[in-house]
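Q: Mind folding the following:
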Amino acid sequence: MELFKSSSKFSKKQIILLSIPVFFSNMAIPLVGMVDTGLMGNLSETKYLAATSIATSVMTMIVWSFGFLRMGTVGIVAQAYGRSDYREIVKTILRNIALALIAAFIIIIFFPALKIAISYFFSPSDETEVLIKTYLNVRIFSIPAELIIYVLVGFYLGIQKTKISSFLIIVLSSLNIIFSSLLVLTYDLKVFGVALGTLISSYITLIIFTIFTYNYIIQKFKIIPKFENLVVKSKLLKLLNINLDIFIRTLFLTFAFLWVTYLGSKIGEDYLAVNTILMQFIILSSFFLDAYAFSTEGIIGFTIGRRNQKSFLEVVKNSIQVSFITAIIISIIYLIFFKEMINIITDIEILRFISFQHILWVIIIPPIACFCYQLDGIFIGASQTKEIRNAMIISVLGYIGVSILLTKYLDNHGIWLSLLLFMIFRSLTLQYYFKNILKKF
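A: Here you go, the predicted model:
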């Protein structure tokens, strides 16, 4: 934040420096997915990777849909921190933790219906369905910990302690990789081991950082956190209003990626497995590029608060240019090392062969998608949540319609062409709403 106060100009170098801590924490998340994919991809049978693909896609959709617990916490805490209202910060944390626990309880209650829906929606083979249920029966109980971790991350981002929030995510991801690898490679627990690794790492991380946060609040704010007087109607309504647009937007976004898994399952388990592998490359690049979007959010909010349109437009231009150049570098790296990376991820020859046929999509999607990633950050920083909600709904509906048509004629390549078009739809719709941000100046 000192950088914001010291200068009204935001160069490419400054944006990169702001993005570095976020980059390291963001990288830890897709790395877990790549490790899990690699563990399942080297078990010699496609069913393990197919089952993990479906199960993790569903769980990711559920967990990411509650990402508003992080984003909503950031906004409210940051405003209270600016007012030095430390009691409101503590109440916001506790209120959101209670909301996270209620949401987790509801998800667990409806878990049996979720399993039935998965079986109907994806129609997996009997063996694959057993493995899916094995994973879900364990992973479902990590939901309370994962949602509370969202709140803790949002708290530290809100008080501008990005190093702590980044360290939290790195610890969670590192423990996940260690436990999943140990349980699969040493104890041969396969799908069960991957799910158990996530469960154990989530609760260890939660315990460590809950204790740390409790002590941090006492030392920093001189307040002992207590679950008292949290149910204030006006505060709860404000919380729900802030989060609803973000929730709807995230729900549609996660469904879009789940749709890739669904379409692949209809073509065959080999293609489902390949799409899982290829999607790790897309997710890896997106989290890398999202570091610029996350760091830009704060700068955008600052320039709008100062009503400095010149600085705002400078940030928009520089952040998009940096993101695009980085995306080109990522694509070049993929082009050079794609074959070696695929061979590490899976030892199944048919999956390697099909993956090599789809290298084009892995290379061209990052430079195209970087625009919508960065625009997302710009709109969130400007608090234009209705616009990003509407843009996402329009884009997803268009994407689903196009994907059904293209998959019919181009099979699996149709899925990937549709995903590319989805990224373009997102950029175009957000560009259309961009003028609404300028009205703030």
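
Q: helix or strand for residue 193, which one?
A: helix 190-221 (DSSP states H and E).

Q: could you give me the average pLDDT of that helix?
A: Mean per-residue pLDDT for helix 190-221: 95.

Q: Now the element after it, going C-ward?
A: As the chain continues past helix 190-221, the following element, by DSSP H and E, is helix 233-267.

Q: rewinding a little: helices and strands around the helix holding residue 193, which ones?
A: helix 12-41, helix 46-65, helix 86-109, helix 126-139, helix 143-158, helix 162-181 (3 or more C-beta pairs under 8 Å, 6 or more residues apart in numbering; DSSP states H and E). Every residue, glycine included, has its C-beta placed from N, CA and C.

Q: what about residue 435, neighbour count?
A: The tally of other residues near residue 435 (other C-beta atoms under 10 Å) stands at 8.

Q: how much space between it and residue 264?
A: 38 Å (C-beta to C-beta, to the nearest Å).

Q: now do residue 208
A: From residue 208 to residue 264 the distance is 37 Å (C-beta to C-beta).

Q: So for those two, which sits in the more crowded spot?
A: A side-by-side neighbour count of residue 208 and residue 264, using other C-beta under 10 Å, places residue 264 first with 27 against 14.

Q: ok, that one - contacts?
A: Residue 264 is in contact with 53, 271, 272, 274, 275, 276, 412, 415, counting by C-beta atoms under 8 Å, 6 or more residues apart in numbering.

Q: Looking at the last one now. What's its pLDDT?
A: Among the per-residue scores, residue 415 holds a pLDDT of 97.

Q: The helix or strand hosting it vs helix 233-267, what angle?
A: Using DSSP H and E, residue 415 maps to helix 412-438. Angle between the axes of helix 412-438 and helix 233-267 is 160 degrees (criterion: axes from the mean of the first three to the mean of the last three C-alpha atoms, to 10 degrees).

Q: So which bits of helix 412-438 are buried?
A: Using 16 or more other C-beta atoms under 10 Å as the test for burial, helix 412-438 gives 412, 414-430, 433, 437.

Q: cool, and stretch 82-91?
A: Buried residues in stretch 82-91 (16+ other C-beta under 10 Å): 86, 88, 89, 90, 91.

Q: Return the member of these nearest to residue 376.
A: Checking the buried residues of stretch 82-91 against residue 376 by C-beta to C-beta gives residue 89 as the nearest, at 26.2 Å.

Q: Share the number of residues neighbouring the closest residue to residue 11 other than its chain neighbours, please.
A: Leaving aside its sequence neighbours, residue 11 sits nearest to residue 318 (C-beta to C-beta, 6 or more residues apart in numbering; 6.4 Å). Neighbourhood size, residue 318 [other C-beta under 10 Å]: 21.

Q: What of residue 163?
A: 12.

Q: now residue 46: how far from residue 276?
A: From residue 46 to residue 276 the distance is 10 Å (C-beta to C-beta).

Q: Surely residue 177 is in contact with residue 35?
A: Yes: contact criterion C-beta atoms under 8 Å: residue 177 and residue 35 qualify, at 4.9 Å.

Q: of residue 46 and residue 276, who's got more company?
A: residue 276 (27 against 23).

Q: for residue 176, what are its contacts?
A: 32, 197, 198, 201, 202.

Q: Quick check: the gap between the residue nearest to it when sequence neighbours are not counted and residue 389.
A: Counting by C-beta to C-beta, 6+ apart, residue 201 is the residue found nearest to residue 176 once chain neighbours are left out, at 4.1 Å. Using C-beta to C-beta, residue 201 is found at 32 Å from residue 389.

Q: element containing residue 273?
A: Per DSSP H and E: helix 269-305 holds residue 273.

Q: got the angle for that helix vs helix 412-438?
A: 10 degrees.

Q: After helix 269-305, which helix or strand is next?
A: Helix 269-305 is succeeded, C-terminally, by helix 309-345 (DSSP H and E).

Q: how about that next one: buried residues?
A: Taking 16+ other C-beta under 10 Å as the criterion, helix 309-345 shows 311-312, 314-316, 318-320, 322-324, 326-327, 330-331, 334, 338, 341-342, 345 as buried.

Q: Stretch 68-86 now?
A: 68-78, 80-81, 86.

Q: for stretch 351-358, same thing?
A: Neighbour count says stretch 351-358 has 351, 352, 354, 355, 358 buried, by 16+ other C-beta under 10 Å.

Q: any idea of the mean pLDDT in it?
A: 95.

Q: lowest-confidence helix or strand of this structure?
A: Lowest on mean pLDDT, DSSP states H and E among the helices and strands of the chain sits helix 2-6, with a mean of 44.

Q: Now for residue 20: which residues touch it?
A: Per C-beta under 8 Å, 6+ apart, neighbours of residue 20: residue 291.

Q: Can you check the pLDDT for it?
A: The model's pLDDT for residue 20 equals 77.

Q: any idea how far it lies from residue 292?
A: 11 Å.

Q: and what of residue 70?
A: For residue 70 relative to residue 292 (C-beta to C-beta), the value is 18 Å.

Q: Which residues are in contact with residue 258?
A: 57, 58, 60, 61.

Q: between the helix holding residue 415 and helix 309-345, how many degrees?
A: Going by the same axes, to 10 degrees, helix 412-438 makes 160 degrees with helix 309-345.

Q: what's helix 412-438 packed up against?
A: Looks like helix 412-438 contacts helix 233-267, helix 269-305, helix 359-381, helix 385-410 (3+ C-beta pairs under 8 Å, 6+ apart).

Q: Could you list the domains of the chain?
A: 1-27+251-441, 43-230 (automatic domain parsing).

Q: which stretch among those domains comes nearest residue 243?
A: That would be domain 43-230 among the domains of the chain, by C-beta to C-beta, at 3.8 Å.

Q: next one: that closest one to chain centre, how far?
A: Counting by C-alpha atoms, centre = their mean, to the nearest Å, domain 43-230 is centred 12 Å from the centre of its parent chain.

Q: you'd agree residue 50 is up against residue 128?
A: Yes: between residue 50 and residue 128 there is a contact under C-beta under 8 Å: 5.3 Å.

Q: Mind checking which of the two has more residues around it?
A: residue 50 (30 against 25).

Q: Can you pull out the low-pLDDT segments for the stretch 251-400 of the chain?
A: 298, 301-302, 305 (pLDDT under 70).

Q: hang on, the earlier thing: got the buried residues of stretch 351-358 as JSON lines, with secondary structure and distance to residue 158 columns?
A: Formatted as JSON lines, the buried residues of stretch 351-358 follow (DSSP: H, G, I helix; E, B strand; the rest coil; distance: C-beta to C-beta, whole Å):
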{"residue": "351", "secondary structure": "helix", "distance to residue 158": "43"}
{"residue": "352", "secondary structure": "helix", "distance to residue 158": "45"}
{"residue": "354", "secondary structure": "helix", "distance to residue 158": "45"}
{"residue": "355", "secondary structure": "helix", "distance to residue 158": "41"}
{"residue": "358", "secondary structure": "coil", "distance to residue 158": "41"}
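
Q: Alright, that wraps it up for me.
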